[in-house]
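1. sequence unavailable; structure follows:
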């Protein structure tokens, strides 16, 4: 374990030095207790154990990318492109990390037919091939027919991408929707309580804010008497919540 931690730490240092973007936001876990009560805890993603697992996973994908590149094997990968804005490479606070994560595209699958030229400074583990989808020598669709037991061809990968892209996108939306629903169910028990929020952006009639303890984006109506700007830390009061209606009402103070 000591050797793995040393490998993981040195690999992270190499990735950051090569230009990798470090994005770390807390993870919110929810579960139902024996009496049906909703429980919540906030997990630090930067704990030694989580850092070890994350870096070893990225290292495994990077090694797979190098193997595929050296052997000229086409593969599925997630390009992890950004939406028209550069990501900051400096370590920052929760506001900066959250806004950087919003710049990343949603789930996208693509294929590379040419050599990968794998780089240590990838944005995230998804920026590399998916070895669980494609393994050299893994039986292609139609195992048992002549030619089974070989790696997927480019044409077969095209069909896999077509088959996987829509359902995988739906899975992501379902997971996000489920997480938001149970967060709102939890907050239904906290109506009238005050919470810390970070101002993200200003819109025409409202501010988009992040409830810091829940990693939940909400709308805060603009009212007279105060002017807020992105990154401001404010206190808000939960006025009303309805998980079924996907509704959260906040007031400042």
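-> Good, I have the coordinates. As the structure is a computational prediction, the values presented were derived from the model and not from experiment. Residues are numbered from 1 along each chain as shown.
2. which element is the closest residue to residue 41 other than its chain neighbours on?
-> In this structure, residue 41 finds its nearest non-sequential neighbour in residue 29, 5.4 Å apart by CB to CB, 6 or more residues apart in numbering. (Glycine included, C-beta is placed from N, CA and C.) In this assignment (DSSP states H and E), residue 29 forms part of strand 27-32.
3. repeat that for residue 158.
-> For residue 158, the host element (DSSP H and E) is helix 154-187.
4. that helix: how far from the chain's middle?
-> Centroid separation between helix 154-187 and its chain, computed with CA atoms, centre = their mean, to the nearest Å, is 12 Å.
5. immediately after that helix, which helix or strand?
-> Using DSSP H and E, the helix or strand that directly follows helix 154-187 along the chain is strand 194-202.
6. which neighbouring elements make contact with that next one?
-> If you count contacts as 3 or more CB pairs under 8 Å, 6 or more residues apart in numbering; DSSP states H and E, strand 194-202 packs onto helix 94-102, strand 206-211, strand 216-221, strand 233-242.
7. tell me which of these sits most buried.
-> A comparison of the helices and strands packed on strand 194-202 by mean neighbour count, using mean count of other CB atoms under 10 Å, puts strand 206-211 on top with a mean of 19.
8. need the contact list for the spatially closest residue to residue 216 that is not a sequence neighbour.
-> Spatially, and ignoring its direct neighbours in sequence, residue 216 is nearest to residue 183 (5.3 Å; CB to CB, 6+ apart). Contacts of residue 183 were listed using CB atoms under 8 Å, 6 or more residues apart in numbering, and they are 28, 30, 40, 214, 216.
9. check what pLDDT residue 183 gets.
-> Looking at residue 183, its pLDDT stands at 94.
10. what of residue 42?
-> Looking at residue 42, its pLDDT stands at 88.
11. count the neighbours of residue 23 for me.
-> By the measure other CB atoms under 10 Å, the count of residues near residue 23 is 19.
12. quick one: it from residue 101, how far?
-> Computed as CB to CB, to the nearest Å, the residue 23 to residue 101 distance reads 5 Å.
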